[in-house]
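[1] just coords:
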């Protein structure tokens, strides 16, 4: 077993053993919801989702539809990123539905179906934001509603604000469940989440682009000292490895940026482990690319390592899906293609 593989196994065991209170949600970016008739339907509302949206404010609420059965756990949480809290955006929400007792006063512009009650939640602003470890971010939780559905039927969540409006997130459901597609697309969605927080696109991309560029320059420099020329395997394995290192850099930057707002959080250990595992996978791919091989051959061990890197990369969100896919494809391509030379052979330098 290589040192990198041992480190990866230890960290994954630690990730499971930490037992810190974290929850992963399936991200969604829906459109619509400006009226009860156009309410955004939340499929499988007991499953853990998080909806990212923006509210125009000034009497333009958003509506979400949850079809529940009696006794099912109804969980809803409203959060706002710090950037919009600082701008004075502090929306409220209401649970509207059958057998819901009226609690609080709704603005006149919020629609209520006939025969329904409304539970209004306008909570105080917390002292500081909370930390989200899976897609590192900082947000304020303005309140949550947790109850058992009193009867079968349609329940609505209304999010509203009479002020300037801003971005908010609505977490729905508490049963953590991902399809393969949902899990794989989480890292792709992370860029949209960072922009939703109010970050600048340049700052979101800069850590990854810088890491990829510096890493590529270093790999090109070391390739000049190799006896073997650059070939297709070198290019693909290097690309996969650098993408994983770039995603780790993004993870670390977002963690530090978020912790600067929330203060130290024990759940940041989850982010650190994900980032370190991505680094281990990336460096392992670069090692496969750089190692000397028999001319015209691809060792079986290299293929196995690349398959493992790709599989774990998909599981751990390393390399934004692209890196792991490149590693897996490289592992199964014909040897004749992988060993096709893309540069001249350079004689080894004499040791002095």
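    Yep, it's here. A quick note: this is a predicted structure, and the numbers were derived from the prediction, not measured.

[2] Show me the helices in the stretch 151-300 of the chain, by range?
    Under the criterion DSSP state H, counting those that start in this stretch, the stretch 151-300 of the chain contains helices at 180-196, 201-223, 232-262, 268-290, 300-315.

[3] helices or strands next to the fourth one in the packing?
    What it means is helix 268-290. helix 3-17, helix 201-223, helix 232-262, helix 300-315, helix 322-332 (3 or more C-beta pairs under 8 Å, 6 or more residues apart in numbering; DSSP states H and E). (C-beta placed from N, C-alpha, C; glycine too.)

[4] mind redoing it with 7 Å?
    helix 3-17, helix 232-262, helix 300-315 (3 or more C-beta pairs under 7 Å, 6 or more residues apart in numbering; DSSP states H and E).

[5] now residue 326, nearest residue through space, not along the chain?
    Take residue 326 and drop its neighbours on the chain: the residue closest to it by C-beta to C-beta, 6 or more residues apart in numbering is residue 240, 4.1 Å away.

[6] Grab the nearest non-local neighbour of residue 191.
    In space, residue 191 is closest to residue 204, 6.1 Å off (C-beta to C-beta, 6+ apart).

[7] okay, now that neighbour: neighbour count?
    Neighbour count for residue 204, taken as other C-beta atoms under 10 Å: 21.

[8] Quick check: pLDDT value at it.
    In the prediction, the pLDDT value recorded for residue 204 is 94.

[9] One more: residue 183?
    Value for residue 183, per-residue pLDDT: 82.

[10] Name the surrounding residues that touch stretch 172-184.
    The contact list for stretch 172-184, computed with C-beta atoms under 7 Å, 6 or more residues apart in numbering, reads 23-24, 26, 42, 45-49, 51, 66, 73, 75-76, 314, 321.

[11] nope, stretch 298-314 is what I was after
    Under the criterion C-beta under 7 Å, 6+ apart, residues 8, 184, 233, 237, 244, 281, 284-285, 288, 293, 319, 321, 323-325, 327-328, 330-331, 335, 338-339 lie in contact with stretch 298-314.

[12] Now, of those residues, which are buried?
    By neighbour count, with 16 or more other C-beta atoms under 10 Å, the contacts of stretch 298-314 hold 8, 184, 233, 237, 244, 281, 284-285, 288, 293, 319, 321, 323-325, 327-328, 330-331, 338-339 as buried.

[13] low-scoring stretches of the protein, by residue?
    1-25, 343-352 (pLDDT under 70).

[14] In it, which strand is the longest?
    For the chain, the strand that runs over the most residues, judged by DSSP state E, is strand 137-148.

[15] tell me which residues in that one are buried?
    Applying a neighbour-count criterion of 16+ other C-beta under 10 Å, one finds 137-142, 145 buried in strand 137-148.

[16] now stretch 159-167
    Under 16+ other C-beta under 10 Å, the buried positions of stretch 159-167 are 159-161, 165-167.

[17] in the sheet, who's paired with residue 49?
    residue 26, residue 172 (DSSP bridges).

[18] Do I have it right that it meets residue 30?
    No - counting by C-beta atoms under 7 Å, residue 30 is not a contact partner of residue 49; they are 10.0 Å apart.

[19] re the thing from before, check contacts around the residue nearest to residue 326.
    285, 319, 323, 326-327, 330.

[20] can we see that at 8 Å?
    Residues near residue 240 by C-beta atoms under 8 Å, 6 or more residues apart in numbering: 282, 285, 306, 309-310, 313, 319, 323-324, 326-327, 330.

[21] which among the residues you listed gets closest to residue 81?
    residue 319 (26.0 Å; C-beta to C-beta).

[22] Work out the gap between stretch 295-313 and the centre of the chain.
    Averaging C-alpha positions (C-alpha atoms, centre = their mean, to the nearest Å) puts stretch 295-313 27 Å from its chain's average.

[23] What lies in contact with stretch 257-265?
    Here stretch 257-265 makes contact (C-beta under 8 Å, 6+ apart) with 82, 128-133, 136-138, 199, 268.
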